[in-house]
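A.B. asks: task: produce atomic coordinates for the following.
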Amino acid sequence: MLEHDYATMDRELRDLLGLSIPPIAITFGAQSPAGVHPFGGAQPAPTADGRTGPVTAGCVFWNHATEREFTTVAADHANCSVGSYTHGFKTLQEAAAGGDVQMLLQVEWVTMEAAMGLPTVAQKPEVVTYGPFGTTSVDPDVVFLRLNGKQMMLLNDALPDLRLEGKPQCHIIPIAKEQGEVVVSSGCMLSRVRTGMSNNDVTCAIPASRISDLLSRLKKAREADNKVAAYAAEDARRFA
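C.D. replies: Numbering: from 1, shown residues only. Predicted coordinates for the structure are as follows:
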């Protein structure tokens, strides 16, 4: 039995923010939910450091999760050492040994000091489940959105303490899960290339426990914004 009516929450969230990309649910667990199938897919030959997987990085699962629900394990995330670290699959030492992380350090995209300060999922999961928020079969830990500038504006109106983070994009997932904060990422080049994200989009991670409160705040913020928009449009007529 699910804890909430996620289908209704999903509809309200989409309507209030005007989302064009469906929200997704992300759940960390010790076992696969009943009836949910593994992501599957072929894997390319491993790199010299042993990295491979069915996708280039765990952030690519965000794309697939708008269409279907599936489970993933550590090996599915293994091509990206950064995401494997932030999601609790690898230690920092293990991730730093990856050729991809070595390249990021070499070009000074990130420093080891910055990497050491990254939030991570506290307990190593056996399974991470992804899928559309409105049809999730398991109570999620995190609800994940893609936002444009106007949608982020409304979210910030509703949550003045909205947290903004930069690279890597995936570390907003553990912030939402472990710290209980609603957080937006400006994105990172690594993830933007791998996911094909629009240049106009940013991402947002919301603790599932805060969705009900957020919906109430968004309703109030949108009502105020609509009144301001009507005023501004009427006032602008004097300049026509």
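A.B. asks: show me which residues of the helix or strand bottoming out on mean pLDDT in the chain are buried.
C.D. replies: The weakest-scoring helix or strand in the chain, judged by mean pLDDT, DSSP states H and E, is helix 112-116 (a mean of 93). By 16 or more other C-beta atoms under 10 Å, the buried positions in helix 112-116 come out as A115. All C-beta spots, glycine's among them, are computed from the backbone N, C-alpha and C.
A.B. asks: alpha carbons only: can I get it in CSV?
C.D. replies: Extracted in CSV, the C-alpha atoms of helix 112-116 (Å, rounded to 0.1, in the frame of the first residue of the first chain):
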residue,chain,number,x,y,z
MET,A,112,40.0,16.4,-5.1
GLU,A,113,39.1,18.8,-2.2
ALA,A,114,35.8,19.6,-3.9
ALA,A,115,35.1,15.9,-4.5
MET,A,116,35.8,15.1,-0.8
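A.B. asks: only alpha carbons, please: show the helix or strand that it is followed by as PDB.
C.D. replies: Beyond helix 112-116 on the C-terminal side, the first helix or strand identified by DSSP states H and E is strand 127-132. Listed next in PDB are the C-alpha coordinates belonging to strand 127-132 (Å, rounded to 0.1, in the frame of the first residue of the first chain):
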ATOM      1  CA  VAL A 127      18.800  -1.300  -5.800                       C
ATOM      2  CA  VAL A 128      17.800   2.100  -7.100                       C
ATOM      3  CA  THR A 129      14.300   2.200  -8.600                       C
ATOM      4  CA  TYR A 130      13.300   4.800 -11.200                       C
ATOM      5  CA  GLY A 131      10.000   5.500 -12.900                       C
ATOM      6  CA  PRO A 132       7.300   8.100 -13.500                       C
END
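A.B. asks: so what pairs up with the residue nearest in space to the middle of the chain in the strands?
C.D. replies: By C-alpha atoms, centre = their mean, the chain has its centre lying nearest to F144, at 4.2 Å. Beta-bridge partners for F144, by DSSP bridges, are I24, A205.
A.B. asks: please point out which parts of stretch 131-140 sit buried.
C.D. replies: Neighbour counts over stretch 131-140 (16+ other C-beta under 10 Å) mark 131-134, 136, 138-140 as buried.
A.B. asks: please apply the same query to stretch 46-59.
C.D. replies: 51, 53-59.
A.B. asks: restricted to helices, list those residues.
C.D. replies: Per DSSP state H, helices hold no members of these.
A.B. asks: wait, the residue nearest to the centre of the chain sits on P23?
C.D. replies: Yes: counting by C-beta atoms under 8 Å, F144 does reach P23; the two are 6.7 Å apart.
A.B. asks: returning to what we had before: which strands and helices sit next to the least confident helix or strand of the chain?
C.D. replies: Helices and strands touching helix 112-116, by 3 or more C-beta pairs under 8 Å, 6 or more residues apart in numbering; DSSP states H and E, are helix 92-96.
A.B. asks: which strands and helices lie in contact with the longest helix seen in the chain?
C.D. replies: When the chain is scanned for its longest helix (criterion: DSSP H), the result is helix 211-236. Packing partners of helix 211-236 (3+ C-beta pairs under 8 Å, 6+ apart): helix 6-17, helix 149-158.
A.B. asks: M103: which of these is closest?
C.D. replies: Closest approach to M103 among the helices and strands packed on helix 211-236 is made by helix 149-158 (30.5 Å; C-beta to C-beta).
A.B. asks: report the angle between the axes of the closest one and helix 211-236?
C.D. replies: Relative orientation of helix 149-158 versus helix 211-236 (axes from the mean of the first three to the mean of the last three C-alpha atoms, to 10 degrees): 110 degrees.
A.B. asks: name the residues of helix 149-158 that are buried.
C.D. replies: By 16+ other C-beta under 10 Å, the buried positions in helix 149-158 come out as 151-152, 154-155, 157-158.
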